[in-house]
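**Q** I'll drop the sequence and a predicted model, then ask my questions.
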Amino acid sequence: MTIVGIDLGTTTSLVAAVRDGGPQVLAALPSAVAWLGDGTARTGDEALLGEAVLGVKRHLADPAEPGLPGPVEAAAEILRALRERAQAALGEPVGQAVLAVPAHFHPGQRQALREAARQAGLEVVRMPSDPVAAALAYAHEAPLQGTFAVFDLGGGTFDLSLLRVDGDMIDVLATLGDDRLGGDDLDRALVAALAHDAGAVVDLAPALVRARAAREALSLRLDADVDLPLAGGGRLRRRVTRGQLDHIVAPALQRCLAMCRRALAHARLRPAEIEAVVMSGGATRSPTVQRFVGALFEQRPRAAIDPTRVVALGAAAHGAMLAQGGPLLVNDALSRAIGLEVGEGVVVPLLPRGSTLPASAHVAVPAGVALHLVHGEDEFPRRFATFEASGEVRVLLDADGVARVTVGGEAVALRWPHAAEAGRDTVLMAPIPRDDA
Amino acid sequence: MRRVLLRLTGVLDYFARLGLEARFHLDLDDLAARHRALLRRVHPDRYALAPPAERGRALDEAVALNDALRTLSDPLLRLESLLALRSAPAPAPAVEALAGDAAFRMELVELEQAFDELDQVDGREERDRIAREVALRYEHGLAALGARVDAGAAGLDEAVEAARLRRLRELLLRWNRSAA
Ligand SMILES: Nc1ncnc2c1ncn2[C@@H]1O[C@H](COP(=O)(O)OP(=O)(O)OP(=O)(O)O)[C@@H](O)[C@H]1O
């Protein structure tokens, strides 16, 4: 049975599979869900005809309102639609998937995604981070060796990851990101620049849509016409050249580059030591973005595989590797520190950020205190799961960065905010045998 | 206090787990190579499609290997595991002894005060200097204690010194964070 690869995107979701020796996209649909009066759901383009729920991915781990379909249910509908399309394309049942996840997702979000897949009838065999998946898409074409950067600029998020392939293993060395920086910021910069030049006030929402179209057109052409609606009626018409766009988006891109430099410095690497820079995310299709990145890393970035598809293709490639037992084994790492809040506000650090997965830590906890798993190392750790236990507690983060807790080898039920309803506690898989070797 | 005790549970077999002699001075490349060779056999990717029980056993092995590498790659954690292994006094008495070490505590308080009183911007050079000095002291302390432990010493004095080093490290971490 084929293991499909899935990229549940903020705006678009894709399903892919390895066929005839190479990964191919089987189907793509807008990440939109609409609930009809009878409780059934419409997804993709059909959902967009009515009042659709968008941006599900950003809210995956948010608390669900009792009795109403929440983000997990919405994500499940999208995954179910992808599964059905994949079945139609492959002409066989699909039950197993590799699901790519953003590197910055915390264990609660990862768990929510796994739960959504379960509801959609999919067993998640592995959840590689997006940058790992992107690298695997290239590795499937030609063997990789050495240190790589994956530059991922989507609609609303930016991530830079450094990966190393050494023989048969791929390791995540570092990931830095900003979940408030993406193509949308480039659109805002363009609108602001044009409005400022003309001394005009634009009608922002439709203006952003126009700006985005112009920016995307400038990926193919050297100039494009922009037609922005003004707040008080009337229009602002301008011709924008690629050179002007370069200038306008430079400050936003400089923020990305600053993060790249930080990641390099942190890993004690010079740009020339990076074997290749892989482009991922729609906004990296732009020659402007490619030029900025190329200048920093002193090489031409690789975008031969469509950056909007590379993650789904890589997830499919990972699925094929799991089935065949190689050639690469993936070692992901924690993108955030994990701790245990014992009682109110006392956080015991468990695993530092960057820990190679899977990993575990032990803590002895007294009876009768509230226990919360938290992520983040700053002064504001955030809770992502709650449980009750006492004695020697073992917290384990599996290879996909999903948390499970055991006491004396027995699984402890975790409560997730996204599964707030009674009876929906999730016990994760079978109890893990105790480590007493 | 409880926390220090806890961190050490399950630590005892990390050296054995990677087939290493329990010593402070070890070859980090060798450590990484051994980890890799062992991990390859039980890697989660190899067991992703295996029956749950088998997958669970492999996962446990992989976790133990990763935990061992993470712990032994960090000089202070390595020292702490060694002391635990050599059945040095449990950290609790060490922490108590340290708590009674008024001179050291005073010194820490003064260091922190000196650092905090300096301005984030104008006092930056001086702050960096203080942090560098503490970092150096931490490094030297580690090396000296490591040598002592490798020479066979593992008594209360060593445990107290390890607890001191941990305090220094926590201080450094806090300063690092406030600089970021
Ligand atoms: N040809 C193109 N040239 C320039 N930008 C493009 C092009 N095609 C798509 N984009 C931009 O890519 C962005 C969307 O990227 P993508 O589909 O990878 O994001 P997403 O997965 O929905 O969002 P995110 O990664 O933030 O979760 C938008 O800003 C869009 O304008």
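**A** Everything's here; your move.
**Q** how about the helices in the stretch 1-150 of chain A?
**A** Remark: helices assigned in the stretch 1-150 of chain A by DSSP state H, counting those that start in this stretch are A:44-48, A:71-90, A:107-119, A:130-141.
**Q** Most tightly packed of those helices?
**A** helix A:130-141 (a mean of 26; mean count of other CB atoms under 10 Å in any protein chain shown). For glycine as for every other residue, the C-beta is placed from the backbone atoms N, C-alpha and C.
**Q** May I have that one as PDB, with CA atoms only?
**A** Taking Å, rounded to 0.1, in the frame of the first residue of the first chain, the C-alpha atoms of helix A:130-141 are listed here in PDB:
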ATOM      1  CA  ASP A 130       8.900  21.000   6.600                       C
ATOM      2  CA  PRO A 131      12.600  21.700   6.000                       C
ATOM      3  CA  VAL A 132      13.500  18.100   6.400                       C
ATOM      4  CA  ALA A 133      10.800  17.100   3.900                       C
ATOM      5  CA  ALA A 134      12.100  19.800   1.500                       C
ATOM      6  CA  ALA A 135      15.600  18.400   1.700                       C
ATOM      7  CA  LEU A 136      14.300  14.800   1.200                       C
ATOM      8  CA  ALA A 137      12.600  15.900  -2.100                       C
ATOM      9  CA  TYR A 138      16.000  16.900  -3.400                       C
ATOM     10  CA  ALA A 139      17.700  13.900  -1.900                       C
ATOM     11  CA  HIS A 140      15.300  11.700  -3.800                       C
ATOM     12  CA  GLU A 141      16.600  13.100  -7.100                       C
END
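**Q** That one packs against which elements?
**A** If contacts are counted by 3 or more CB pairs under 8 Å, 6 or more residues apart in numbering or on different chains; DSSP states H and E, helix A:130-141 sits against strand A:3-8, strand A:22-30, strand A:96-100, strand A:146-153, strand A:158-166, strand A:169-178, strand A:276-280, helix A:310-324.
**Q** just flag whichever of the helices of the stretch 1-150 of chain A has the lowest average confidence.
**A** Among the helices of the stretch 1-150 of chain A, helix A:44-48 carries the lowest mean pLDDT, a mean of 88.
**Q** Contacts for that helix, please.
**A** By CB atoms under 8 Å, 6 or more residues apart in numbering or on different chains, the residues outside helix A:44-48 that reach it are A:L29, A:P30, A:A32, A:V33, A:A34, A:A41, A:V53, A:I78, A:A81.
**Q** min pLDDT across the residues you listed, which one?
**A** A:V53 (79).
**Q** In the sheet, which residues pair with that one? Tell me.
**A** A:V33 (DSSP bridges).
**Q** Would you confirm that it contacts A:A74?
**A** Yes: between A:V53 and A:A74 a contact is recorded at 5.2 Å, counting by CB atoms under 8 Å.
**Q** Just want the most central residue of chain B.
**A** B:L77 (2.1 Å; CA atoms, centre = their mean).
**Q** one step back: neighbour-wise, which of the contacts of helix A:44-48 leads?
**A** A:I78 (27 neighbours; other CB atoms under 10 Å in any protein chain shown).
**Q** For that one, give its distance to chain B.
**A** 23 Å (CB to the nearest CB, to the nearest Å).
**Q** A:H140 now?
**A** 15 Å.
**Q** which residue sits closest to that residue, ignoring its sequence neighbours?
**A** Once flanking residues are discounted, A:H140 sits nearest to A:A317: 4.0 Å by CB to CB, 6 or more residues apart in numbering or on different chains.
**Q** circling back to that earlier point, pick the most deeply packed of the helices and strands packed on helix A:130-141.
**A** Taking mean count of other CB under 10 Å, strand A:3-8 is the most buried of these, at a mean of 28.
**Q** that older thread, export the helices of the stretch 1-150 of chain A to CSV and tack on distance to the ligand?
**A** Shown next, in CSV, are the helices of the stretch 1-150 of chain A (distance: least, CB to the nearest ligand atom, whole Å):
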stretch, distance to the ligand
helix A:44-48, 14
helix A:71-90, 13
helix A:107-119, 12
helix A:130-141, 8
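**Q** can I get those in CSV with distance to B:E54?
**A** Putting these into CSV (distance: least, CB to CB, whole Å) gives the following:
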stretch, distance to B:E54
helix A:44-48, 38
helix A:71-90, 26
helix A:107-119, 20
helix A:130-141, 24
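**Q** Could you identify the helix or strand that succeeds the strand or helix carrying B:V149?
**A** For B:V149, the host element (DSSP states H and E) is helix B:124-150. Following the chain from helix B:124-150 toward its C-terminal end, the next helix or strand by DSSP H and E is helix B:156-179.
**Q** From the chain's centroid, how far away is that next one?
**A** 10 Å (CA atoms, centre = their mean, to the nearest Å).
**Q** Can whichever strand or helix holds B:V109 be said to contact chain A?
**A** Take DSSP H and E as the rule and B:V109 turns out to sit in helix B:102-117. No: Helix B:102-117 stays clear of chain A (CB under 8 Å from any CB of the partner chain), getting no nearer than 15.7 Å.
**Q** Could you check the angle that helix makes with helix B:156-179?
**A** 10 degrees (axes from the mean of the first three to the mean of the last three CA atoms, to 10 degrees).
**Q** Please list all residues in contact with B:P75.
**A** So B:P75 contacts B:F24, B:L142, B:G146 (CB under 8 Å, 6+ apart).
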